[in-house]
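# how does the following fold in three dimensions:
(2 chains)
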Amino acid sequence: MSEGQAFIRFDWIVDNADAIAGRLWEHVQMTVIAVVVGFVISFALAMLVRRYPRLYGPVIGISGTLYSIPSLALFALLIPFSGVSLLTAEIALVSYTLLILVRNIVAGLESVPAEVSEAAQAMGYTRAQRFWRVEVPIALPVIVAGLRIATVTTVGLVTVTTLIGLGGLGYLIVNGGINRFFPTSIYTGVVLAVALAVVADILFVALQRHLTPWARNRATA
Amino acid sequence: MTQQRSEGAVVELDRVTKRYGGPGTPPAVDELSLTVPAGKIIVLVGPSGCGKTTTMKMINRLIEPSGGRITIDGEDIMRLPAVELRRRIGYVIQQVGLFPHLTVGDNVAVVPRLLRWKEARVHERIDELLDLVGLDASIYARRYPNELSGGERQRIGVARALAADPPLMLMDEPFGAVDPIRRDRLQNEFLRLQRRMRKTVVFVTHDVDEAIKMADRIAILQRGGILAQYDTPDAILANPASEFVERFVGADRGLKRLSLGRVRDIPLLEPVIVHAGEERAAVRRRLESVAEIDYALLLDDRERPLGWIDSQDLVGEGNVDPAAATPGAPTVELETTLRDALSAMLSSSVQLGVVVDEEERVIGLASVDAISDALRAPIIGADGHAHHVSTP
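Numbers count the residues shown, from 1 in each chain, chains lettered A, B, ... in the order given. All right, here's what the predicted structure looks like:
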């Protein structure tokens, strides 16, 4: 580091605040799209698995395989079909959420005690009422735990999409920082990405506490 | 608070069969025919694998019968959508199965809300039901199940099953998961409720003593869902229909019969009453004039029993000496079971029980002879006729 040049140049951050905010916003959007789409697909897969338990193995096998493909390779595989685009990035990001989300949603639904399901059936809930009003609410803590992991993971993975010209905060790290050897840009990107992950996690914890007040209480007798 | 009470329903099983495998596999329940009279508790009891739970669950179609017909008040249960049928039948299980994500109030309100009652009526009903099972609605309605003790959960389970006032209740080992003292209390509470409600109750247990205590009628099932005997507890204990029933109810069935009777059911003896300071000679003459008893009962100045005076304490002249009395006259009440009364009497030196009322005033004496006579009395069976007792 040369004399006279500060390691972190706050004046650069101030001058480029708009561009940084733009990258942060892009990062948030890409994360939200990936988690929401991933959740919808995973929920559908989990319902399928519950209906046909024999599908659990194949579903977990396939999402596990997707999870193990390096992101760079996955982009390379997708570009011939979907080009250098947001779609390519999101297909990859969504694929990575599936394993975590399917596994947690299924585990959450399986955590519903058999006698609770039986009681629901015996009280005269229809199959759909039982699922939405009893099983899903009881599974919620485990499902939200999966969402937390998937979201934090996705926040990290979005940075990699800078390789195909997107990347949100990843752009600040790679294009602005590493390629031009400019530490301020690297640290800005890293700190904001970490902060984003932490804030997302806190939001989920707050959401869960709000949605599952019953899980907080401990037996008094 | 006034409310409508639905009368109990008549449940009829007509050659009901359940096979879990295909045709030719041994049935879990084999052509079982049974009529459950309205407003009675019938207990299905038997060893594990006898099909008692399967039989119960076929009534609300948690298990679909493979053959035969079940009717409730004459209506074939297969004609109704299962969901509608179940909303009309109360259901209580051993593990209770309260919904952990709903408050106690919302748990109780499940069936009324499924039936789309008005919210005001639902809330009224929650208060009424919690009151019925002895829990303060202002404290409990907002709690979650994981804040309750086992006994409280079980009470809420019963309240939830009663919510929409169903004419029929199915109960699968409902008190099996609580300790013996709480179980006894919950059983008594339920019997008290039942005296007011007059529901038809199909109750499953593997515990003969619970069956004897709870049942108006007992159906004893044998492995494979074969009905071994269906009769009143007294008739089953007095005249077991087969060696299987005899072994199942146990070698102490004579004693078990005693727990069906109450002190109020036997003739009491008139006691010879003595107070401190009475003349011995007068008491001696009174005691000699009665044949059945050899002891006079010494009372304190508030008419409560102190002990026994025998003829030796009355020899000679002078007054009765309270210090000479044999202490430990066991007191029993009219509601005490004959079994408990006999037990109290056998453990005291003078084998007479002093029957007292709520204020501990003496009503009469219970004797071992009177209890053993009660065991020889004819039995009123389910057919309403008297039968004689076969000797064990």
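
# just checking, B:G90 is part of a helix?
No - remark: B:G90 does not belong to a helix; assigned using DSSP: H, G, I helix; E, B strand; the rest coil, it is strand.

# may I ask which helix or strand encompasses the closest residue to it other than its chain neighbours?
Nearest residue to B:G90 in three dimensions, chain neighbours excluded: B:A161, at 3.4 Å (CB to CB, 6 or more residues apart in numbering or on different chains). Quick note: C-beta positions are derived from backbone N, CA and C, even for glycine. When elements are assigned from DSSP states H and E, B:A161 belongs to helix B:150-162.

# my read: A:L24 touches A:G168, true?
Yes - shown here, A:L24 and A:G168 form a contact pair, counting by CB atoms under 8 Å, at 7.0 Å.

# was I right to think A:T159 contacts A:G170?
Yes - with contacts counted by CB under 8 Å, A:T159 reaches A:G170, the gap being 3.0 Å.

# overlap in contacts, those two.
Counting by CB atoms under 8 Å, 6 or more residues apart in numbering or on different chains, the shared contacts of A:T159 and A:G170 are A:27, A:189, A:193.

# spell out which parts of the stretch 101-250 of chain B neighbour chain A.
B:101-103, B:110-111, B:114, B:143-149, B:152, B:160, B:170 (CB under 8 Å from any CB of the partner chain).

# in contact with A:L169, which residues are there?
When contacts are taken as CB under 8 Å, 6+ apart, A:L169 is in contact with A:23-24, A:27, A:158-159, A:189-190, A:192-193, A:196.

# and for B:E333, the neighbour number?
Neighbour count of B:E333, defined by other CB atoms under 10 Å in any protein chain shown: 17.

# at the geometric centre of chain A, which residue sits there?
In chain A, the C-alpha nearest the mean C-alpha coordinate belongs to A:T151, at 2.5 Å (CA atoms, centre = their mean).

# same for whichever strand or helix holds that residue, what does it pack against?
A:T151 is part of helix A:136-158, with elements assigned from DSSP H and E. Under the contact criterion of 3 or more CB pairs under 8 Å, 6 or more residues apart in numbering or on different chains; DSSP states H and E, helix A:136-158 touches helix A:17-51, helix A:86-110, helix A:183-211.

# on that earlier part again, if you count surrounding residues, which of A:T159 and A:G170 has more?
When A:T159 and A:G170 are compared for neighbours, A:G170 comes out ahead with 26 against 23, by other CB under 10 Å.

# residues contacting that one?
The contact partners of A:G170, by CB under 8 Å, 6+ apart, come to A:27, A:158-162, A:189, A:193.

# next: A:A145.
Going by CB under 8 Å, 6+ apart, A:A145 touches A:N104.

# quick revisit: want to throw the helices and strands packed on helix A:136-158 into TSV with mean neighbour count, distance to B:V368 and mean pLDDT?
What follows is the helices and strands packed on helix A:136-158, written out as TSV (neighbours: other CB atoms under 10 Å in any protein chain shown; distance: least, CB to CB, whole Å; pLDDT from 0 to 100):
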stretch	mean neighbour count	distance to B:V368	mean pLDDT
helix A:17-51	17	64	90
helix A:86-110	22	60	90
helix A:183-211	16	66	87
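
# B:G261: how many residues sit nearby?
18.

# would you mind measuring from it to B:L269?
In this structure, B:G261 and B:L269 are 17 Å apart, going by CB to CB, to the nearest Å.

# please apply the same query to B:A164.
Looking at B:A164 against B:L269, where the rule is CB to CB, the gap reads 51 Å.

# out of those two, which sits in the more crowded spot?
Using other CB under 10 Å as the criterion, B:A164 and B:L269 rank with B:A164 on top: 22 against 16.

# does the nearest residue to the more buried one once chain neighbours are set aside lie in a helix or a strand, and which?
The spatially closest residue to B:A164, leaving aside those adjacent along the chain, is B:V111, at 4.4 Å (CB to CB, 6+ apart). Secondary structure assigned from DSSP H and E places B:V111 in helix B:110-114.

# and what of B:L170?
Using DSSP H and E, the element containing B:L170 is strand B:168-172.
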